[in-house]
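J.: Show me the folded form of this:
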Amino acid sequence: MVNRIKRRIIIIGGVASGATCATRIRRLDEDSNIIMFEATRHIAFANCGLPYYIGGVIQNRDDLFIQDVEGLKKTYNIDVRINNEVIDIDVIKKSVKVLNVETLETYDEYYDKLVLATGAKSVKPDIEGIESKLVFTLRTILDVDNIKKVITNAKSCLVIGGGFIGVEVAENLINQGLKVTIVEATNQILNNFDYELAINICSYLKTKKVNIFTNKKIHKIIEVNEKVVVKIDDNSYTYDFIIFAGGVKPNNDLALKANLNVNFKGGVIVNEFMQTSNADIYAVGDVVEVVELVTKTSTMIPLASPANKQARVAASNICGVEDKYIATQGSSIIKIFDKVIAQTGISEKIAKRLELNYDKVYLFSNNHASYYPNTKSMLIKAIFENETGKILGVQIVGSDGVDKRCDVFGIAIRLGLNASDLTKLELCYAPPFNSVKDPINMVGCMIENVINKKIRNIHYNEISLLPKNDSVILLDVRTRNEYLKESIEGAINIPLDELRTNNDILDKNKTIYVYCLSGQRSYTACRILIQKGFEVYNLNGGIRLYKMMIK
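T.: As a prediction, the model looks like this:
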């Protein structure tokens, strides 16, 4: 046996979670030997900032580096070994085999505790020509360096994948003067969001000259004269280069070699202390399976913020300070030119798939007082539990103020708050920042009205399902000028201000479906008619959402 004077803790992987784990361990344990292996030349860099370096928003390459080798050694006394790749784990001997990628020599190091922070890796689809030198991924500093070189003389780019990275890359390439096309295999970009929110961003991107193909499949990529010809369905298109921003999968090769338990997607299964099936091996970040907060189901949610929290939990437990990672709720946000889209909790897609007893409301609201300059509108979609009004998920698209609202909703979901709780939240108010009744309060009021049966809603996708006979009335309560400019086919018009004195022309034997621009005036109209004995439904989100989706 080797004489182990000091405890040895090995961390495999740098970037965010590995470095976070290492520095937390050192702050709790001054004596242990901490060795961090990183297969590349770079540790602790801001991979979320890579698209913005491409676009010139981040101009200095060095700004991408959160910490360097020398800093970790001097400040934290951590033995950082870059260009050293761990290629095997022997759980019996409690040792790792390391390849020095520069000298190609291998050596072994033993451990008392081991942390896997290996993250995720790009999964290139099975497309002929995908390995072309003109097809780039975007996950490392080397990737971004290669892309920056090719941009210099390029005029066009195809981005494969319409997720967060794909959309961010598209924005930044447009800002560099390139013509950009996004191709997405599914029916929408930003697949984590529900269709109504994603389509809003899709339409906006097209106004910024981003060409978007959805429901399209790439069949072949061919290099021709230092360009790439791409066959998409039955058509061929030529680009200067391609950025693959598609799916990722857990980088679990070492976990499999160590016979650790993984799920069907390859995610390493950990307990609340971030321990794997081997008590001396911990795992954090994109490589691990997590519990989704709302549904309590196991899933994969590769996000930077949860990864850092997991790293802290693992480090604490390694050092004897009990800490637990409870669940991930998927809070995320993305800036797209002047738009912002954010989410927290579950989407309606997930609620449907799991057959939850849920409902939803839509709210168009201003980001601050309407009379204060530069007011911007936001669309909020909230998913809630029927009967209790518990908030399950929220998605918001707008600009200024989206982040702050989504953060508050995120706290509400984390604490299990319901609609009534939202109505009572006392949030900061001044005209430049808010209205007297914050959109969060308004969402609470809307949900409260539904669960207290003060209103019944119909949604945009249900209008086309209404009977095509005289058993229903579609009622537009906007002004006559608004009605004449644009309306839903078959609707009659009684402006809200005239409804109290003209409701006698409506037939109480018919069901009335009421709408206005966004749902606020029609809610008031519904309350008038309900108290007059009519059977009434309100078009949630109004003609504004309906027309947006129909188009």
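
J.: Now do Ala46, the pLDDT please.
T.: Ala46 carries a pLDDT value of 80.

J.: my bad, Asp62
T.: Reported pLDDT for Asp62: 86.

J.: isn't Ile334 right up against Val340?
T.: Yes. Ile334 lies in contact with Val340 (Cβ atoms under 8 Å); the separation is 7.2 Å. For the C-beta atoms, the positions are set from N, CA and C on the backbone; glycine is no exception.

J.: domain assignment for the chain?
T.: 8-120+249-318, 135-246, 338-451, 457-550 (automatic domain parsing).

J.: helix, strand or coil for Gly330?
T.: Assigned by DSSP: H, G, I helix; E, B strand; the rest coil, the conformation of Gly330 is coil.

J.: if you skip the residues just before and after it, what's nearest to it?
T.: Among residues not flanking Gly330 along the chain, Ile301 sits closest, at 5.2 Å (Cβ to Cβ, 6 or more residues apart in numbering).

J.: That neighbour: neighbouring residues, count only.
T.: 21 (other Cβ atoms under 10 Å).

J.: again with the one 5 residues further on
T.: The burial count assigned to Pro306 is 22, neighbours taken as other Cβ under 10 Å.

J.: isn't there a strand covering it?
T.: No. Assessed by three-state DSSP, Pro306 does not belong to a strand; its assignment is helix.

J.: In contact with Gln425: list those residues for me.
T.: In this structure residue 425 is Leu, not Gln. Neighbouring residues of Leu425 by Cβ atoms under 8 Å, 6 or more residues apart in numbering: Val408, Ala412, Asp438, Ile440, Asn441, Gly444.

J.: let me redo that: Gln310
T.: With the criterion set at Cβ under 8 Å, 6+ apart, Gln310 makes contact with Ser17, Met274, Val284, Gly285, Val288, Tyr325.

J.: And the fifth one, how far from Ala314?
T.: I take that to be Val288. 10 Å (Cβ to Cβ, to the nearest Å).

J.: shared neighbours, those two?
T.: Common neighbours of Val288 and Ala314 (Cβ under 8 Å, 6+ apart) are Met274.

J.: if you skip the residues just before and after it, what's nearest to Asn200?
T.: Going by Cβ to Cβ, 6+ apart, Asn200 has Val397 as its nearest residue, at 5.0 Å.

J.: so the one you found makes contact with Ile336?
T.: No. Using Cβ under 8 Å, Val397 makes no contact with Ile336, being 9.4 Å away.

J.: ok, the one residue sitting closest to the centre of the chain - contacts?
T.: Relative to the mean C-alpha position of the chain, the nearest C-alpha, by Cα atoms, centre = their mean, is the one of Ser332, at 4.2 Å. The contact partners of Ser332, taken as Cβ under 8 Å, 6+ apart, are Phe164, Asn192, Leu303, Ala342, Gln343, Thr344.

J.: what's the closest of the residues you listed to Arg139?
T.: Nearest to Arg139, judged by Cβ to Cβ, of the contacts of Ser332 is Phe164 at 12.8 Å.

J.: Without its sequence neighbours, what residue ends up closest to that closest one?
T.: In space, Phe164 is closest to Ile334, 5.3 Å off (Cβ to Cβ, 6+ apart).

J.: three-state assignment of the residue nearest to Lys437 when sequence neighbours are not counted?
T.: Counting by Cβ to Cβ, 6+ apart, Lys437 lies nearest to Cys445, which is 7.9 Å off, once chain neighbours are set aside. Secondary structure, three-state DSSP: Cys445 is helix.

J.: quick revisit: please tabulate the contacts of Gln310 in TSV, including the columns neighbour count, distance to Ile218 and pLDDT.
T.: Formatted as TSV, these follow (neighbours: other Cβ atoms under 10 Å; distance: Cβ to Cβ, whole Å; pLDDT from 0 to 100):
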residue	neighbour count	distance to Ile218	pLDDT
Ser17	32	32	91
Met274	29	38	98
Val284	32	34	98
Gly285	31	30	96
Val288	33	31	98
Tyr325	22	38	98
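
J.: Need these in a markdown table (columns: distance to Ser95 and secondary structure).
T.: As requested, the contacts of Gln310 are exported to a markdown table (distance: Cβ to Cβ, whole Å; DSSP: H, G, I helix; E, B strand; the rest coil):
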| residue | distance to Ser95 | secondary structure |
| --- | --- | --- |
| Ser17 | 23 | helix |
| Met274 | 21 | coil |
| Val284 | 21 | coil |
| Gly285 | 23 | helix |
| Val288 | 23 | strand |
| Tyr325 | 27 | coil |
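
J.: Before I go, just wanted to say thanks for your time.
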